[in-house]
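S.K.: Below: sequence and its predicted model.
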Amino acid sequence: MRYSRCANMWSDEDFGVVLEVAQRDRDERNRKNAAFLLREHPLQWRQLVKLWHQSELPRERAWVCELLADHGDTGERQLLEVLRKDPNGHAAQRAEEALLALENRGE
């Protein structure tokens, strides 16, 4: 688990509210901070995949790959194959690593 400056302030009940901020807040800084919090606490990871898989931000596409590596199954291979061709090298590398993780787990 990654270290969070706000880890002691997190409650699992906050997920929905923080997700709403990440999706709709007018202030870009609030959306960014909410995204970092959600990445540290991916309780409903499939919602995060849905939110970030086409993000303009390469880091969020890379996070999708990491989430799929940690939690995904064979149903996510197609998305990882798409992300493997991502124009951002870091996101593409994370997709490759996620595919290997699924393969190693026998998924």
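M.R.: Arrived safely. Residues are numbered from 1 along each chain as shown.
S.K.: avg pLDDT for the top helix by length along the chain?
M.R.: As assigned by DSSP state H, the longest helix anywhere in the chain is helix 89-104. If you average the pLDDT over helix 89-104, you get 96.
S.K.: Counting by contacts, list what it packs against.
M.R.: In this structure, helix 89-104 packs against helix 58-71, helix 77-83, with contacts taken as 3 or more Cβ pairs under 8 Å, 6 or more residues apart in numbering; DSSP states H and E. All C-beta spots, glycine's among them, are computed from the backbone N, C-alpha and C.
S.K.: Pick the most buried one from these.
M.R.: Looking across the helices and strands packed on helix 89-104 with neighbours counted as mean count of other Cβ atoms under 10 Å, the highest average goes to helix 58-71: a mean of 21.
S.K.: which residues sit against that helix?
M.R.: With Cβ atoms under 8 Å, 6 or more residues apart in numbering as the contact definition, helix 58-71 has outside contacts at 35, 39, 42, 45, 48-49, 51-55, 76, 79-80, 83, 86, 88, 90-91, 94-95, 97-98, 101-102.
S.K.: For residue 9, see how far away residue 60 is.
M.R.: For residue 60, the distance to residue 9 equals 22 Å [Cβ to Cβ, to the nearest Å].
S.K.: about what we covered before: please produce JSON lines containing the helices and strands packed on helix 89-104, extended by distance to residue 29 and mean pLDDT.
M.R.: As requested, the helices and strands packed on helix 89-104 are arranged in JSON lines below (distance: least, Cβ to Cβ, whole Å; pLDDT from 0 to 100):
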{"stretch": "helix 58-71", "distance to residue 29": "15", "mean pLDDT": "98"}
{"stretch": "helix 77-83", "distance to residue 29": "26", "mean pLDDT": "97"}
